[in-house]
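1. Have a look; sequence and predicted model below, questions after that.
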Amino acid sequence: MPYRGEVCALLTALCWTGSSTSFAFASRAAGGLAANQFRLFAAVPVLVLLAAVLTGQWWPHHIGDQRVLLLAASGLVGLVLGDIGFFHALATIGPRVSSVVMSAWPAFAVAIEAVRGHPTTGWVVLGIAVTVSGVTLVLLRSREGSAWNPGLTPRQWGLGLAGALVGAVGQAGGVVLARAAMAAGPDLPDGVDPLQATVVRMLAATVGVQCVAIGHRRPLACTAVFGSRRTVGAALLGAVFGPVLGVWLSMEATRHAADVGVAASLMATTPIFLMPLAALLYGARIGWLGLVGTLLAVGGAALLFLTR
């Protein structure tokens with residue numbers, strides 16, 4: 001399928017729009033750790049079942065220990081370290097402002113790839129810059145941040161932004177590690193199936209988050225999600241669009257896109273899709289800056305497609 005990786009990247013952005021909004025409400029009500037643990041407990045059985053049905057085996061026994069370790073490391077970096085920070089940001093500064101900072105993760109991904117000896121082209125860098133600039137212009141408006149949580153102190157605001165930055169770095173590292181683990185090679189000409197890779201990453205993340213919960217003396221932190229039907233519903237919806245569909249599609253995009261920067265930037269357009277939802281759900285105001293930013297982001301995405 002032409003542009004399979006790029007199409008999956010855009011679908012990932014749509015899924016993450018739903019999961020970010022859902023988990024923001026769930027995290028604000030129950031806490032970031034509770035929502036994070038809940039979504040992993042909910043998603044892992046579904047992913048294992050899907051892998052068993054669609055690929056014939058729920059665990060990739062044939063891929064070798066080195067690839068399994070890389071995928072596990074990807075899960076720990078992206079889905080534990082990164083998501084703990086991002087979930088804190090969602091609960092504190094809201095989905096839109098958190099997404100502004102998260103939109104920088106393609107730049108981190110390209111930087112990591114460059115350090116590994118895989119520099120990208122100038123056109124891809126330009127596309128990333130235009131996309132990230134557009135997303136930032138759409139979202140960096142103080143009125144939109146205050147719409148989510150107007151009572152934040154400067155310290156809380158700073159910690160929320162720091163959490164989103166940790167999320168961006170973790171996401172970038174997780175994607176680069178996963179791409180390396182899934183790549184075709186002499187030992188595995190077809191590479192690793194993205195769904196099976198997702199199972200390995202999610203299981204590693206579940207263990208990691210459980211260790212964090214035990215360290216906080218909250219081994220069953222997820223029970224806080226059951227405080228209300230609305231919170232449970234938001235968390236379940238987030239689990240479907242996030243760790244099940246979203247992460248699976250992100251692995252498809254990471255494996256099949258021509259360049260990791262292309263896949264990363266297209267997945268980072270989530271804030272564009274969040275714009276109308278934020279206006280509808282919690283009254284974020286969208287002006288001409290939002291319109292200009294949207295056009296820039298779409299133009300950057302188009303440029304990335306042309307570089308293909």
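-> Thanks, I have it. Numbering: from 1, shown residues only.

2. now for whichever strand or helix holds residue 67, which elements pack on it?
-> Assignment of secondary structure by DSSP states H and E places residue 67 within helix 65-75. For helix 65-75, the packing partners by 3 or more C-beta pairs under 8 Å, 6 or more residues apart in numbering; DSSP states H and E come out as helix 154-182, helix 194-215. C-beta: built from backbone N, CA, C; applies to glycine.

3. Residue 47 reaches residue 201, doesn't it?
-> No: between residue 47 and residue 201 there is no contact under C-beta atoms under 8 Å: 9.4 Å.

4. higher neighbour count, the two?
-> Per other C-beta atoms under 10 Å, whichever of residue 47 and residue 201 has more neighbours is residue 201, with 29 against 22.

5. From residue 210, how far out is the more buried one?
-> Distance, residue 201 to residue 210, by C-beta to C-beta, to the nearest Å: 15 Å.

6. What of residue 203?
-> The gap separating residue 203 from residue 210 is 11 Å, by C-beta to C-beta.

7. swap in residue 258?
-> Counting by C-beta to C-beta - residue 258 and residue 210 are separated by 37 Å.

8. More neighbours: which of these two?
-> Taking other C-beta under 10 Å, residue 258 and residue 210 do not tie; residue 210 has more neighbours (17 against 14).

9. Worst mean pLDDT across the helices and strands of this protein, which element?
-> For the chain, counting by mean pLDDT, DSSP states H and E, helix 142-148 ranks last in confidence among helices and strands (a mean of 57).

10. Tell me which of the helices and strands packed on helix 65-75 approaches residue 298 most closely.
-> Among the helices and strands packed on helix 65-75, the nearest to residue 298 by C-beta to C-beta is helix 154-182 (21.3 Å).

11. and that closest one, what other elements does it pack with?
-> Applying 3+ C-beta pairs under 8 Å, 6+ apart, one finds that helix 154-182 contacts helix 65-75, helix 83-102, helix 105-115, helix 194-215, helix 245-256, helix 260-267.

12. Tell me the buried residues in the third one?
-> To tie it back to what came earlier, the one meant is helix 105-115. 105, 106, 107, 108, 109, 110, 112, 113 (16 or more other C-beta atoms under 10 Å).

13. and that helix, what other elements does it pack with?
-> So helix 105-115, by 3+ C-beta pairs under 8 Å, 6+ apart, packs with helix 122-139, helix 154-182, helix 260-267.

14. Could you check the angle the last one makes with helix 122-139?
-> When axes from the mean of the first three to the mean of the last three C-alpha atoms, to 10 degrees is applied, the directions of helix 260-267 and helix 122-139 differ by 20 degrees.
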